[in-house]
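>>> Predicted model follows, preceded by the sequence.
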Amino acid sequence: MAGILFIISAPSGSGKSTLVSEVRKQLSGIEFSVSWTTRAPRGSEQDGREYHFTTREEFERMIAAGEFLEHAEVFGNYYGTARQSLDEARREGHDLVLDIDVQGAAQVRRTMPEAVSIFVLPPNPKVLRTRLRNRSRAEGVVNEAELYRRLSEASREIENYREYGYILVNDILDRAVAQLEAIVQAERFYRNDEPIAYRSRRVLEVAAACRQSNSLERLNPVLEAFGIIGSSGQQDLPFDEDPDDD
């Protein structure tokens, strides 16, 4: 079986890591690439689990040596995916999931256009703000300025949704997990002729409904909420002026 490369992107706080973790519990043969970063660990994060933490000097050495499949600088820190992750997954015949931002995803698509790209969206700015604040509290630090910056960045990231083949709106976790699982199974069916043992037709229908071209009904309210589209045709303001106002 040839391994499939899945690219998953989403604004910070959209829940993509939880989705990937849940799907990996349900389906075998999926590897998750742990990214490298120069930022400091947060809260209970451990090296080699959430990220491989390294210095800026070492990261730049790895860039010069061509050791990254993709890399980008975000909020003043480097993030990157080592080529070794893809090489190891291919040797095992496993699929590989990359949890990367829109910059890194664009780099991977240029060199590997066969990759399956999935964009995960939060249902609206208020839900995203709550998730970000809860995560910050769990890490022991709530920085309102940083929180608001990430909310603003989310709108800019979401504008790139057209570059992705599949769209998931993570409003109900169980449904989003089922949709991501269906996408993985459908791609395995189409690319590797891998049978779908249970309710195959329904799995293919769920995956097809998540294709960008079939997602407009669920996608448009999200785009409106984030100010990317509006009934007036003008760019709407996606957030309240006061970031503390819930």
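In hand now; what should we look at?
>>> Which residue ranges of this protein form helices?
Assigned by DSSP state H, the chain shows helices spanning 16-26, 56-64, 83-92, 102-111, 125-139, 144-158, 173-192, 200-209, 216-225.
>>> if you compare the ones you listed, which one is most tucked away?
Of the helices of the chain, the one with the most neighbours on average (mean count of other Cβ atoms under 10 Å) is helix 173-192, at a mean of 19. C-beta: built from backbone N, CA, C; applies to glycine.
>>> counting contacts, what elements does it pack onto?
If contacts are counted by 3 or more Cβ pairs under 8 Å, 6 or more residues apart in numbering; DSSP states H and E, helix 173-192 sits against helix 16-26, strand 116-121, strand 166-169, helix 200-209.
>>> what's the closest of these to Trp36?
Each of the helices and strands packed on helix 173-192 has some distance to Trp36 by Cβ to Cβ; the shortest is helix 16-26, at 16.0 Å.
>>> Measure how far the closest one is from the centre of its chain, please.
11 Å (Cα atoms, centre = their mean, to the nearest Å).
>>> and that helix with helix 173-192, angle?
60 degrees (axes from the mean of the first three to the mean of the last three Cα atoms, to 10 degrees).
>>> export the helices of the chain to CSV and tack on mean pLDDT and distance to Glu70?
Formatted as CSV, the entries for those read as follows, by pLDDT from 0 to 100; distance: least, Cβ to Cβ, whole Å:
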stretch, mean pLDDT, distance to Glu70
helix 16-26, 92, 16
helix 56-64, 97, 11
helix 83-92, 92, 9
helix 102-111, 92, 4
helix 125-139, 84, 24
helix 144-158, 85, 16
helix 173-192, 93, 20
helix 200-209, 90, 25
helix 216-225, 93, 25
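>>> CSV for the ones you listed, including distance to Ala10?
Output for the helices of the chain, formatted as CSV (distance: least, Cβ to Cβ, whole Å):
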stretch, distance to Ala10
helix 16-26, 4
helix 56-64, 23
helix 83-92, 19
helix 102-111, 9
helix 125-139, 10
helix 144-158, 8
helix 173-192, 11
helix 200-209, 18
helix 216-225, 12
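>>> Perfect, that will be all.
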